[in-house]
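Participant: got a predicted structure plus its sequence, pasted below:
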Amino acid sequence: MKNPERQEIRAILDRSQRIAVVGLSDNPYRTSYQISKVMLEAGYEIIPVNPTVEKVFDIPAVDSLKDIEGHIDIVNVFRRSEFLKGVAEEAAQVDADVFWAQLGLVSEEAYDIAANAGMTVIMDRCIKVEHAIA
């Protein structure tokens, strides 16, 4: 398991527009909310993926990645590591470009599934931090 170099991460963030955020909370005190808000304000389209909420940032939430119409540039995951494999399988089914597991999240199985499906895989990195420094 190896993350891309910083310049490749910068290129990914530069060319990406749509970020599906798996596990995005509607609670402003949750990390997923705060980070996604920054990315939304930076100009990215955020798609909340969470079956337990109706809307986040006034954007209707979907239950799963399969419910999203159109192409997904980045699947950004805010679920515990034991759920990454299932999310990676779903991301592979929808042909997303990048599978990004947030800081503290790692799964060899998920990495292999996403990489074998042709996705760029980033794990244990914060998308907001990478956006700020890359």
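Facilitator: On my side now, so go ahead. It should be emphasised that the depicted structure is a prediction, and the values quoted were computed from it without experimental measurement.

Participant: the residue lying closest to N27 once chain neighbours are set aside in helix, strand or coil?
Facilitator: Distances taken as C-beta to C-beta, 6 or more residues apart in numbering put Y33 closest to N27, at 5.9 Å, once the chain neighbours are dropped. In this view, the C-beta of every residue, glycine as well, is placed from N, C-alpha and C. Assigned with DSSP: H, G, I helix; E, B strand; the rest coil, Y33 falls in the helix class.

Participant: now do Y33, the pLDDT please.
Facilitator: What the model reports as pLDDT for Y33 is 98.

Participant: does it touch G23 like I think?
Facilitator: No - at 10.4 Å, Y33 does not count as touching G23 under the criterion of C-beta atoms under 8 Å.

Participant: all strands of this structure, in order?
Facilitator: Counting by DSSP state E, the chain has these strands, from start to end: 18-22, 45-49, 55-56, 59-60, 74-77, 98-101, 120-122.

Participant: who does the third one pair up with?
Facilitator: Taking DSSP bridges as the criterion, strand 55-56 forms sheet pairs with strand 59-60 (antiparallel).

Participant: mean confidence for the partner strand?
Facilitator: 98.

Participant: give me the contact list for it.
Facilitator: Residues from elsewhere that reach strand 59-60 (C-beta atoms under 8 Å, 6 or more residues apart in numbering): I46, I47, P48, E54.

Participant: next up, the contacts around the third one.
Facilitator: Going by C-beta under 8 Å, 6+ apart, P48 touches V21, L24, D26, S36, K55, V56, F57, I59, P60, A61, V62.
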